[in-house]
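K.L.:
next comes the sequence, and after it the predicted model I'd like to discuss.
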Amino acid sequence: MILVVLEHDGQRLRKGALEAISRARQLSTLGPIAGVVIGENTQAVAQEAAQYLPTVYAAEVGGYTAEKWAEAAYVAVQKSGAQVVVATGSRQSRTWTARLAYKMKAGLMEDTLETSTDGQHIIGLRYSFLNRVTEKQKAALPVVFTAKPNTTPPAEPAGSGTVEVLEVNLPLTVEVLERLSEQKKGVSLSEATVVVTGGRGLGSPEAFATVEELAGALGAAVGATRAVVDAGWRPYSEQVGQTGKTVQPNLYIALAVSGAVQHQAGMNKSKYIVAVNKDAEAPIFKIADYGIVGDVHQVLPALVDAAKKLKD
């Protein structure tokens with residue numbers, strides 16, 4: 001049995017959840033697949049999940065804490081008899097998967113690019129050394145593993161499954177009393193197929209207005225380098241790089257981004273990379289598919305005009 005822990009936004013499954021279902025289907029020789037939706041007001045999301053999985057457990061545990069998710073997932077493991085647990089490779093999953101692996105006495109494999117099985121083990125491929133090296137891991141069952149976002153095609157619906165309410169008794173030691181979340185408009189950075197990132201070379205936070213204009217014309221998400229975020233020009237939620245988010249869009253546009261190795265670690269697996277920088281020796285050009293050496297303040301408006309014409 002395989003169990004997929006399904007991330008959601010309270011209303012819909014996240015793209016990463018559909019990718020995790022695809023990974024589970026690739027391991028179907030290990031047995032049937034079930035899913036679990038954890039959180040509050042889970043019924044609507046669980047009904048959506050039942051379009052992809054034959055059995056879905058709905059666990060009402062209230063607002064998120066790592067302790068709640070680990071306990072609810074463990075109850076679902078016991079209920080289903082799962083030997084493999086699949087989850088999205090997100091920041092949230094990193095807070096609870098280790099707890100679950102400990103409860104299951106299972107191996108933990110994080111941010112896998114692909115996975116397979118020989119019937120007794122899970123074999124996973126992942127990046128290491130700032131995404132410059134791939135390494136193969138093998139762990140004996142039981143195993144908990146996460147699927148790195150944007151590395152697996154999202155699952156397609158497969159019929160109509162059933163939803164079962166899961167009772168979870170929570171011996172809480174920590175409770176969240178208040179949660180404040182940033183209300184971000186536009187495309188989610190982690191799920192975007194096109195990302196437009198601005199660097200410190202833009203010169204000011206006001207210059208990001210044109211970056212946002214280009215992103216809007218392309219249906220893209222806006223990203224930022226660590227230097228930009230540290231300067232307070234953009235929020236941390238937009239940071240791309242080793243200490244920010246890892247993205248793997250079809251198109252990555254780097255505007256006035258020098259391309260230090262820490263930044264490359266978060267975007268160097270993008271399908272196509274377009275770079276604009278006045279420094280012809282900037283490291284970003286070494287990995288770019290297309291490069292423009294020039295003043296970003298002259299090139300960027302031209303890109304916006306071209307994008308708008310294509311859109312029209």
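P.N.:
Cool, the structure landed. Residues are numbered from 1 along each chain as shown.

K.L.:
please make it C-alpha for all contacts and neighbour counts, starting now.
P.N.:
Noted.

K.L.:
residue 57 reaches residue 168, doesn't it?
P.N.:
No - between residue 57 and residue 168 there is no contact under C-alpha atoms under 8 Å: 11.1 Å.

K.L.:
the more surrounded of those two?
P.N.:
The residue with more neighbours, out of residue 57 and residue 168, is residue 57; 29 against 16, by other C-alpha atoms under 10 Å.

K.L.:
so who does the more buried one touch?
P.N.:
Under the criterion of C-alpha atoms under 8 Å, 6 or more residues apart in numbering, the contact partners of residue 57 comprise 34-37, 46, 76, 163-166.

K.L.:
please repeat the previous calculation with a cut-off of 7 Å.
P.N.:
Contact criterion C-alpha atoms under 7 Å, 6 or more residues apart in numbering gives 35-37, 163-166 as the residues in contact with residue 57.

K.L.:
repeat for residue 111
P.N.:
Residue 111 makes contacts with 89, 126, 146-148, as judged by C-alpha under 7 Å, 6+ apart.

K.L.:
tell me how far the helix or strand where residue 47 lies lies from the chain's centre.
P.N.:
In this assignment (DSSP states H and E), residue 47 forms part of helix 43-49. Taking the mean of its C-alpha atoms, helix 43-49 sits 20 Å from the chain's own mean (C-alpha atoms, centre = their mean, to the nearest Å).

K.L.:
now the very next helix or strand once past that helix - C-alpha only, CSV.
P.N.:
Taking DSSP H and E as the definition, the helix or strand that follows helix 43-49 towards the C-terminus is strand 55-60. As requested, C-alpha coordinates have been extracted for strand 55-60 and formatted as CSV (Å, rounded to 0.1, in the frame of the first residue of the first chain):
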residue,chain,number,x,y,z
THR,A,55,-9.6,5.9,-1.2
VAL,A,56,-9.1,9.2,0.4
TYR,A,57,-8.9,9.9,4.2
ALA,A,58,-10.1,13.2,5.5
ALA,A,59,-8.4,14.2,8.8
GLU,A,60,-9.8,17.3,10.6
